[in-house]
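A.B. asks: Any chance you could fold what I've pasted below:
(one chain, ligands or ions: 1)
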Amino acid sequence: MTSRKVVELFYDVVSPYSWLGFEVMCRYRNVWNIDLKLRPAFLGGIMHGAGNKPPGLVPNKFAYMTKDLNRLAEYFSVPLQSPADPFEVMFQKGSLAAMRFVAAVQEKEKDGEKVVNVSRELWRRIWSEDKDITEPASLSEAAVKAGLSESEIKELLAMSTSTQVKEKLKSTTQAALDYGAFGFPMIVCHVDGKPEMFFGSDRFELMAHCIGEKWLGPQPSKSAAKL
Ligand SMILES: N[C@@H](CCC(=O)N[C@@H](CS)C(=O)NCC(=O)O)C(=O)O
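C.D. replies: Reported below is the predicted structural model:
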């Protein structure tokens, strides 16, 4: 077997398209010969640093995205549902506290699955159940569902406001900007020592081609069973 290609996934739980990208990459991490590195970062910092603005602020794009996300939820089999007030959720409440919490989980926990599970539970809250992700009690509920213990959660909540964790989130966000990010999800595939950057959850076929793998659709285990 040739050595595994490193694939970095930059994401923020405020981004519904990142949820789709995340679930697909989690499904493919044992199908493709890749070493998937999760890179939780802050989309607000990307928008600011890249001089971009969220597509949801353009009324026609917002209307299109709402339809697009409904279709994609079904296509990707991800239980994504828009919250009642997406503007409040995305632009007023935001995800800074949540992403600092995910960064703390990544900093402390050796078990990478905890980052996967906590991220997924936060997405589920904001993009499926229309629940808050800004209050410590909300982060705590997500972490309990992700299987973390009360004592772990207490320590992680304290860590998430520390300078060390704030700097970690900042530096991951800066790393994404350095690769050329202007939005999320962003996937960086390291091919022959060169980083190849892909924006969005709609570039998997092209990405697979670039890393010499096959795109088997959004649910590779189901397609493999059919072959
Ligand atoms: N076409 C992409 C759209 C992804 C997308 O719109 N991401 C938002 C965050 S949820 C973003 O960062 N957009 C920046 C931009 O469109 O310039 C996909 O299907 O995944």
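A.B. asks: where in this protein is pLDDT low?
C.D. replies: Scanning the chain with the threshold set as pLDDT under 70 gives 1-2, 224-227.
A.B. asks: So which bits of it are right by the ligand?
C.D. replies: Within the chain, the positions near the ligand by Cβ under 6 Å from any ligand atom are Ser15, Pro16, Tyr17, Asn52, Pro55, Phe182, Gly183, Phe184, Gly200, Ser201, Asp202. All C-beta atoms are positioned from the backbone trio N, CA, C, and that covers glycine.
A.B. asks: Tell me where this structure has strands.
C.D. replies: 5-11, 34-40, 186-191, 194-199 (DSSP state E).
A.B. asks: Among those strands, which comes closest to Asp132?
C.D. replies: Asp132 sits nearest to strand 34-40 of all those, at 18.7 Å, using Cβ to Cβ.
A.B. asks: And the contacts of the closest one?
C.D. replies: Contacting residues not belonging to strand 34-40 are listed as 4-12, 25-26, 28-29, 99, 102-103, 106, 112, 115-116, 119, 169, 172, 175-176, 211, 213 [Cβ atoms under 8 Å, 6 or more residues apart in numbering].
A.B. asks: follow-up on the earlier one: so can I have TSV of the residues of the chain next to the ligand showing distance to Val144 and neighbour count?
C.D. replies: Putting the residues of the chain next to the ligand into TSV (distance: Cβ to Cβ, whole Å; neighbours: other Cβ atoms under 10 Å) gives the following:
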residue	distance to Val144	neighbour count
Ser15	24	23
Pro16	23	26
Tyr17	27	21
Asn52	35	13
Pro55	33	13
Phe182	35	15
Gly183	31	21
Phe184	26	26
Gly200	32	15
Ser201	28	25
Asp202	33	13
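A.B. asks: Quickly name whichever of these is closest to Asp130.
C.D. replies: Closest to Asp130, out of all of the residues of the chain next to the ligand and judged by Cβ to Cβ, is Pro16, at 12.5 Å.
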